[in-house]
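# Based on what follows, work out the 3D shape:
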Amino acid sequence: MLNRIDAPSVNGIGDILLEKPEEILFKNGLKVFVFHAPEQELVKAEFVFKNVFEGPENPVRNTALSSMLKEGTQSLNSAQIAEKIDFYGAYLIPEFSFDHNALTLYTLGKHVDAVLPIVNNILNNSIFPQQELDTYIRNNRQSLQISMEKTDFVARRNFYQQLFGSSRYGQSVTDELLKDLDREDIIRLYRQQIQPKNATLFLSGNITPELLFSFRNYFEDQWEGDTQIHHIPYIQKLEQSSDLLKIDKQGALQSSIRLGKVGIQRSHADYPALQFVNTLFGGFFGSRLMSNIREDKGYTYSIGSMIANLNHAGFISIVTDVGSEYTEDTLNQIALESRKLREEKVGNDEIELVKNYMLGAMLGSLESIFSHVDKFKSVYYSGLNLDYYTYYTNVVRNMNADQVQDIAQKYLSTEDMVKVVVG
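The predicted structure follows:
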């Protein structure tokens with residue numbers, strides 16, 4: 001008989017095991033990582049390419065390249081590509097980030113041989129039709145005009161510019177950059193960037209020998225690329241001003257606030273400890289910032305802080321939108337919570353709460369084989385391996401009040417942070 005009187009026992013989270021991939025190098029230089037999940041009939045194939053920058057770093061070119069990959073090849077137009085992919089119940093999604101772009105295919109294993117020729121065609125023969133480019137430019141210019149009226153969009157643009165200057169991370173889309181997009185320039189970038197030696201393929205699902213043979217056929221034997229890649233080195237902006245940048249927005253009812261500074265990357269030994277302290281500070285619903293500025297003061301619906309990791313930099317950011325009349329006190333309260341973490345010891349109950357939250361979130365994020373791929377990509381592109389997660393969980397489990405204070409003193413002072421307010 002079920003015991004409905006006594007609550008079940010509470011057990012701590014043990015070791016978290018992640019799926020290790022099979023690594024293959026195709027003869028054309030394509031690196032392949034295969035995550036086997038025989039019970040998963042859905043196959044995910046993610047082609048990830050390093051963004052190529054030449055001369056002045058202009059990410060608008062890379063964004064346009066990614067967005068327009070499916071807009072037409074020498075033999076198929078965009079409508080035909082969409083129709084063929086939809087017919088097999090598959091999805092083909094271009095994605096873009098600061099450091100990479102990707103083309104991701106979701107399909108049932110039984111339809112792989114029907115959809116892979118389409119993907120191969122896109123990676124080999126995209127032509128970026130001028131009509132589609134004109135439409136892309138027009139739509140994005142209109143979208144930019146609308147977005148520039150939003151305080152959060154303007155705050156984010158200026159925040160990145162203050163942190164990273166004219167680098168690939170600090171550059172923002174402008175109307176002039178959109179107007180200057182050139183089809184021949186995008187094709188030249190396509191030939192450099194979309195080639196096997198600049199790509200990594202992450203395969204996950206029920207990857208049978210027959211299915212792997214199909215991928216070899218289309219992306220080893222039928223995909224070549226020998227265009228020289230011209231990478232320019234990343235140069236970090238050396239100084240960030242901690243003076244408040246205030247941008248007035250006529251008629252705005254709220255202020256968008258962004259604070260932050262360049263910080264450490266995932267490869268740094270302190271990174272998991274900093275993630276712990278950041279979670280306590282502003283990284284979950286029970287954080288110090290949320291408890292003070294939302295729950296106690298009622299200034300905002302949401303406030304949070306985050307630690308971001310990029311290929312060439314890391315940064316800390318604090319983000320919120322508040323009523324205009326609360327702007328000054330919100331900045332004061334953020335500084336107060338930072339100072340308290342640096343000057344006062346955190347109680348054991350709060351530390352245990354954050355430990356359980358972070359380990360539980362880690363465990364809960366591994367609901368499928370596709371989640372394991374995402375975890376692997378995070379460490380792979382940081383120059384690490386899956387042992388990092390053992391280190392991460394050990395650091396989280398062993399955090400104490402002295403370590404929290406030490407990390408806060410090292411990294412969470414707001415005095416030297418970039419401060420942007422738009423409203």
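# Could you check stretch 359-373 and say which residues are buried?
If you call a residue buried by 16 or more other C-beta atoms under 10 Å, then stretch 359-373 has these buried ones: 359, 362, 366, 369-370, 372-373. For glycine as for every other residue, the C-beta is placed from the backbone atoms N, C-alpha and C.
# and the gap between the residue nearest the centre of the chain and Ile293?
The central residue of the chain, meaning the one whose C-alpha is nearest the mean C-alpha position (C-alpha atoms, centre = their mean), is Ser97 at 6.4 Å. Ser97 sits 29 Å away from Ile293 when distances are taken as C-beta to C-beta, to the nearest Å.
# again with Leu42
Here the distance between Leu42 and Ile293 works out to 42 Å (C-beta to C-beta).
# In terms of neighbours, single out the busier of the two.
Set side by side, Leu42 and Ile293 show more neighbours around Ile293, with 24 against 17, by other C-beta atoms under 10 Å.
# which residues sit in contact with the more buried one?
Counting by C-beta atoms under 8 Å, 6 or more residues apart in numbering, Ile293 makes contact with 299-300, 303, 320, 322, 330, 333-334.
# average pLDDT across stretch 140-153?
The average pLDDT within stretch 140-153 is 96.
# Going by neighbour count, list what's buried in it.
Using 16+ other C-beta under 10 Å as the test for burial, stretch 140-153 gives 140, 144, 151-153.
# Can I get these in TSV including secondary structure and distance to Ser413?
Listed next are the buried residues of stretch 140-153 as TSV, based on DSSP: H, G, I helix; E, B strand; the rest coil; distance: C-beta to C-beta, whole Å:
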residue	secondary structure	distance to Ser413
Asn140	helix	38
Leu144	helix	35
Thr151	helix	26
Asp152	helix	25
Phe153	helix	28
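# Need the max-distance pair from those.
Comparing all pairs in the buried residues of stretch 140-153 by C-beta to C-beta, the longest separation belongs to Asn140 and Thr151, at 20.3 Å.
# Can you tell me which of the buried residues of stretch 140-153 is nearest Leu341?
Minimum distance to Leu341 across those is 25.9 Å, recorded for Asp152 (C-beta to C-beta).
# do you know how far the nearest residue to that closest one once chain neighbours are set aside is from Leu245?
The spatially closest residue to Asp152, leaving aside those adjacent along the chain, is Ser256, at 4.4 Å (C-beta to C-beta, 6 or more residues apart in numbering). Noted for Ser256: a distance of 12 Å to Leu245, by C-beta to C-beta.
# In terms of neighbours, single out the busier of the two.
Neighbours were counted for Ser256 and for Leu245 using other C-beta under 10 Å; Ser256 has more, 25 against 16.
# does the more buried one count as helix, strand or coil?
Reduced to three states with DSSP: H, G, I helix; E, B strand; the rest coil, the structure at Ser256 is strand.
# Identify the residues contacting it.
When contacts are counted by C-beta under 8 Å, 6+ apart, Ser256 touches 151-152, 154-156, 320-321, 421-423.
# Among those residues, which ones are in helices?
If you go by DSSP state H, these have 151-152, 154-156 in helices.
# Give me the below-cutoff pLDDT ranges for the stretch 251-400 of the chain.
Within the stretch 251-400 of the chain, no stretch falls below the threshold (pLDDT under 70).
# Hmm, I typed the wrong one, I wanted the stretch 101-250 of the chain.
Residues of the stretch 101-250 of the chain that meet the cut-off, pLDDT under 70, sit at 237-238.
# one step back: okay if I get the ones in helices among the contacts of Ser256 as a markdown table plus distance to Gly170?
Listed next are these as a markdown table, based on distance: C-beta to C-beta, whole Å:
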| residue | distance to Gly170 |
| --- | --- |
| Thr151 | 19 |
| Asp152 | 18 |
| Val154 | 15 |
| Ala155 | 14 |
| Arg156 | 12 |
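# re the thing from before, most neighbours among the contacts of Ser256, please name it.
Counting neighbours by other C-beta under 10 Å, the top entry in the contacts of Ser256 is Thr320, with 29 neighbours.
# And it, how far from Phe215?
Shown here: Thr320 relative to Phe215, a distance of 45 Å by C-beta to C-beta.
# try Asp270
Counting by C-beta to C-beta, the gap from Asp270 to Phe215 is 39 Å.
# Which one's more surrounded, these two?
Set side by side, Asp270 and Phe215 show more neighbours around Phe215, with 23 against 16, by other C-beta under 10 Å.
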